[in-house]
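1. Quick check, what structure comes out for this input:
(chains A and B)
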Amino acid sequence: MTNAELTKETSAASNIRRIAGMDEEGEQLSEINPVSSPLGGAAAKSHSHGAGAGIPDSSRAGRLTSYQVADFPAITGREEDWRFTPLKRLRGLDRLALDGAAPTVEVLKPDAVTIETVGREDARIGSAGIPDDRVSAAAWGAFAEATVITVPANFDGRSEEQVTTVTLTGAGHAPAASHVFVHAKANSDAVVVLDHRGSAVVSENVEILVADGARLTVVSIQDWADGTTHASSQQMKIGRDAKLKHVVVNLGGDLVRINPSARFAGTGGDVEMYGLYFADAGQHFEQRIFVDHSVPNCKSRVTYKGALQGKDAHSVWVGDVLIRKEAEGTDTYEMNRNLILTQGARADSVPNLEIETGLIEGAGHASATGRFDDEQLFYLQARGIPEDVARRLVVRGFLNEIIQQIKVPALEERLRDAVEHELKAGSL
Amino acid sequence: MSTLEIKDLHVSIDTEQGKKPILKGVSLSINSGETHAIMGPNGSGKSTLASTIAGHPRYVVDSGSITLDGEDVLAMSVDKRARAGLFLAMQYPVEIPGVTVTNFLRTAKTAIDGEAPKLRTWTKDVKDAMAQLRIEPEFAARNVNEGFSGGEKKRHEILQLELFKPKFAILDETDSGLDVDALKVVSEGVMRANEDGTMGTLLITHYTRILRYIKPDFVHVFVDGNIAEQGGPELADRLEAEGYDRFLPAAAQA
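-> From the prediction side, this is the model:
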């Protein structure tokens, strides 16, 4: 590649690990990664202090989890988890005391949804998540109070007026910690938007607990001002027959690293994870997804799309899907697509699929990173479409696939405008 | 009445081995309502002529001219040429991910006409044209050329020809890879586009079979980057019987 540096690890780094001795029926299963492992179903419920007994870096199941930052060694940049991240631009989130002012919280909500500000000792904290990296653990140790959003049982909030919007406005560049808990109670149906704005250096933990039979959409928008560093571990626990749609939108900030991970607490759970990012010159947008199938008959779909323009625009997408041996009947597919619009931008894309049982419905992944190519441009121009319109047409179409999943018209409109704005800023 | 005039056109491409001349002094004049067939063996430069008229950046014009009613086509950008009334039905149409056929057709029509088409008539025009070309309605919602078969791509090209109504259509091997039925459907589409007899057509083909459906007024035989012989429709019949052997240098004849 002469123009844009493309890294396609699709074939090289996509790990389909099959356990030795396992036949197609998945009968002779090994004892690796039992439910009792740190990331097993139970671990997400009870606090598990101390280092997990794992096999670091060889399987996603072996990743260390702890609420104590001291359990995590200092980050060197050589770790699988950190190898793409420019550590200097973390601005100390991995090593300084996170005692700066947390982003301020403003809420627009329907009456039935409740918002509380609670202390660290609140029983709900930790019931949906446990840090699995040092920056997340640092925030867990440092946050002063958490914002808890509760959707009551049987709430029907599908109409647009019923959307809950939590605006988190950065309070400056002193390293800070933030904690948000979203609780959708049984059989509720709601949309919660986490709208990150302003300037910040912040490590955030978001716990999302979806009770049995509930349907929840969470949209996390990162529309930060320039110079912002934001690390966010968003851990979801999905109950029996519950459905979670999780959408990550990265538009602004210097370094934004979002780690959404989904776990299932009962059979019949369904998670759809979408992501949209538009990285400009110098921006580093990283998203590391983990779907842990440890329960039978659950479904997951991961679809992330990104556009990049300008010198040193960098996106990282890592999609880890683990199908444990207990998770028979799993149905999973993950996909990442990148569109590189100019020279000097770089997209890294690494799908990983680990399968420990053959008794599944389906498992697959796809990754493609392409340049906006001259033949496409020629085709559109040969139909009378001016070059700038042609470029916008392609990018808009490419990203619209994600935007149209949100199903909140005002929000879709805002994101379409944001994409237009990016395209204009990049003089495309 | 319009005229597309090509005069003493020399075109080359840059290769790793250096500059390679392909067209070596082509002259050709096409008037509204006329159908010209350009025939010739593979590698003779037929498709290069088509792509050069449309303005593909790969082809470098070394000398000569292309004018449309006296206007310098070579000075126009690719999109301006299309808006001036030139249409190239491509041999290998590319996929445009994320852009639906509906959106693409409307955007292109708006660009070509300089104003958005009337929504109600436009939707009907598109639907009717698709039906006549035996294109399934669900193609409207699919991304341009994505996952289309070879025949579907060619039909999509002719759909655009019918909807955009150019002054001059250049069909670059539109017949290749089509079975007899598809060839008939596509040929009928081309003839519909020229219903009022005002469209000039440059039909580039290796085979004579499409000429059974679209009758050329003139036939030009391309050999080694130039026109080796020209005549009326009877020349196509002779090529059908004899092939291109007599145009090739003795050494190349098997």
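2. Please identify which helix or strand holds A:Asp417.
-> If you go by DSSP states H and E, A:Asp417 is part of helix A:409-425.
3. Next: B:Trp122.
-> helix B:119-132.
4. hmm, that helix in reach of chain A?
-> No - Helix B:119-132 lies out of reach of chain A by C-beta under 8 Å from any C-beta of the partner chain, never closer than 14.4 Å. The way it works is simple: take the backbone N, C-alpha and C, and place the C-beta from them, glycine included.
5. got the contact list for that helix?
-> For helix B:119-132, the external contacting residues (C-beta atoms under 8 Å, 6 or more residues apart in numbering or on different chains) are B:102, B:105-106, B:109, B:117, B:136-137, B:139-140, B:159, B:162-163, B:188-189, B:192.
6. picking that back up, what packs against the helix holding A:Asp417?
-> strand A:215-223, strand A:243-252, strand A:270-279, helix A:387-403 (3 or more C-beta pairs under 8 Å, 6 or more residues apart in numbering or on different chains; DSSP states H and E).
7. Comparing those by mean pLDDT, which bottoms out?
-> Note on the helices and strands packed on helix A:409-425: helix A:387-403 shows the lowest mean pLDDT, a mean of 88.
8. got the angle between that helix and strand A:270-279?
-> Here helix A:387-403 runs at an angle of 150 degrees relative to strand A:270-279 (axes from the mean of the first three to the mean of the last three C-alpha atoms, to 10 degrees).
9. Show me which positions of helix A:387-403 end up buried.
-> A:389-403 (16 or more other C-beta atoms under 10 Å in any protein chain shown).
10. show me which of the residues you listed neighbour chain B.
-> Residues shared between the buried residues of helix A:387-403 and the neighbourhood of chain B are A:389-390, A:393-401 [C-beta under 8 Å from any C-beta].
11. Chain B contacts on chain A?
-> Within chain A, the residues that sit near chain B (C-beta under 8 Å from any C-beta) are A:373-376, A:378-387, A:389-390, A:393-401.
12. what's the neighbour count on residue 65?
-> If you meant another chain, say so; for now it's chain A. Neighbours of A:Thr65 under the rule other C-beta atoms under 10 Å in any protein chain shown: 24.
13. try chain B instead
-> If we define neighbours as other C-beta under 10 Å, then B:Ser65 has 15 of them.
14. pretty sure it belongs to a strand, no?
-> Yes - assessed with DSSP: H, G, I helix; E, B strand; the rest coil, B:Ser65 lies in a strand.
15. Do a quick rundown of the helices in the stretch 101-250 of chain B.
-> Secondary structure of the stretch 101-250 of chain B by DSSP state H, counting those that start in this stretch: the helices cover B:101-113, B:119-132, B:150-164, B:180-193, B:233-242.
16. any idea which of these scores lowest on pLDDT?
-> helix B:233-242 (a mean of 90).
17. what is the orientation angle of the helix holding B:Trp122 with helix B:150-164?
-> Using the same axes, to 10 degrees, helix B:119-132 lies at 140 degrees relative to helix B:150-164.
18. pretty sure B:Gln160 is in contact with B:Arg106, am I right?
-> No - look at B:Gln160 against B:Arg106 with C-beta atoms under 8 Å: they stay out of range, at 11.7 Å.
19. Compare the two (neighbour count), which wins?
-> Using other C-beta under 10 Å, the more surrounded residue of B:Gln160 and B:Arg106 is B:Gln160, with 24 against 18.
20. Which residues are in contact with whatever residue of the stretch 151-254 of chain B ends up closest to chain A?
-> Residue of the stretch 151-254 of chain B nearest chain A, by C-beta to the nearest C-beta: B:Gln160 (6.7 Å). In this structure, B:Gln160 makes contact with A:383, B:87, B:89, B:105, B:108, judged by C-beta under 8 Å, 6+ apart.
21. Looking at the residues you listed, which two lie furthest apart in space?
-> The largest separation in those, counting by C-beta to C-beta, is between B:Ala89 and B:Leu105 at 14.6 Å.
22. Which one of the two is surrounded by more residues?
-> Neighbours were counted for B:Ala89 and for B:Leu105 using other C-beta under 10 Å; B:Ala89 has more, 27 against 24.
23. Excluding chain neighbours, what is closest to the more buried one?
-> B:Glu157 (4.1 Å; C-beta to C-beta, 6 or more residues apart in numbering or on different chains).
24. isn't A:Arg60 right up against A:Asn352?
-> Yes - using C-beta under 8 Å, A:Arg60 is in contact with A:Asn352, at 6.9 Å.
25. what do the two both touch?
-> Taking C-beta under 8 Å, 6+ apart as the criterion, A:Arg60 and A:Asn352 both touch A:Asp320.
26. distance of A:Thr228 from A:Glu145?
-> Distance of A:Thr228 to A:Glu145, computed by C-beta to C-beta, to the nearest Å: 22 Å.
27. B:Leu74: which of the ones next to chain B among the buried residues of helix A:387-403 is nearest?
-> For these, the nearest to B:Leu74 is A:Ala390 (20.8 Å; C-beta to C-beta).
28. The residue in chain B that chain A sits nearest to: neighbour count?
-> Residue of chain B nearest chain A, by C-beta to the nearest C-beta: B:Gly98 (3.0 Å). By other C-beta under 10 Å, the residues close to B:Gly98 number 21.
29. what sits up against the helix or strand encompassing it?
-> Using DSSP H and E, B:Gly98 sits within strand B:96-100. The contact list for strand B:96-100 (C-beta under 8 Å, 6+ apart) reads A:376, A:379-380, A:393-401, B:104, B:140-146.
30. just stretch A:402-420 next, same as before
-> The contact list for stretch A:402-420 (C-beta under 8 Å, 6+ apart) reads A:160, A:163, A:191, A:193, A:217, A:219, A:221, A:223, A:245, A:247, A:249, A:251, A:272, A:274-276, A:278, A:303-305, A:392, A:395-396, A:399-400.
31. The strand or helix carrying A:Asp348 pairs with which strands, parallel or anti?
-> Element membership for A:Asp348 (DSSP H and E) is strand A:346-355. Sheet pairing for strand A:346-355, assigned by DSSP bridges, gives strand A:5-8 (parallel), strand A:16-17 (parallel), strand A:314-323 (parallel).
32. by how many degrees do the longest one and strand A:243-252 diverge?
-> So the one you mean is strand A:314-323. For strand A:314-323 against strand A:243-252, the angle by the same axes, to 10 degrees is 160 degrees.
33. Just after strand A:314-323, pick out the following helix or strand.
-> strand A:331-340.
34. Could you check how far that next one is from the centre of its chain?
-> Here strand A:331-340 is found 13 Å from its chain centre; the criterion is C-alpha atoms, centre = their mean, to the nearest Å.
35. and the stretch 1-150 of chain B, which of its residues are near chain A?
-> Residues of the stretch 1-150 of chain B lying close to chain A by C-beta under 8 Å from any C-beta are B:54-57, B:77-79, B:81-83, B:87-88, B:90, B:93-100, B:103-104, B:107-108, B:111-112, B:143.
36. interface residues of the stretch 151-254 of chain B facing chain A?
-> B:160, B:164.
37. Tell me which stretches of the stretch 1-150 of chain B form strands.
-> Under the criterion DSSP state E, counting those that start in this stretch, strands of the stretch 1-150 of chain B are mapped to B:3-15, B:18-31, B:35-39, B:60-68, B:71-72, B:86-89, B:96-100, B:143-144.
38. now, of those strands, which is deepest in the fold?
-> strand B:86-89 (a mean of 26; mean count of other C-beta atoms under 10 Å in any protein chain shown).
39. Quick one: residues in contact with that one.
-> By C-beta under 8 Å, 6+ apart, strand B:86-89 touches A:382, B:4, B:50-51, B:53-54, B:68, B:73, B:154, B:157-158, B:160-161, B:164, B:166-172, B:174.
40. Kindly list the single helix or strand of chain B that scores lowest on mean pLDDT.
-> strand B:96-100 (a mean of 83; mean pLDDT, DSSP states H and E).
41. partner strands of that strand, parallel or antiparallel?
-> Next to strand B:96-100 in the sheet, as set by DSSP bridges, lie strand B:143-144 (antiparallel).
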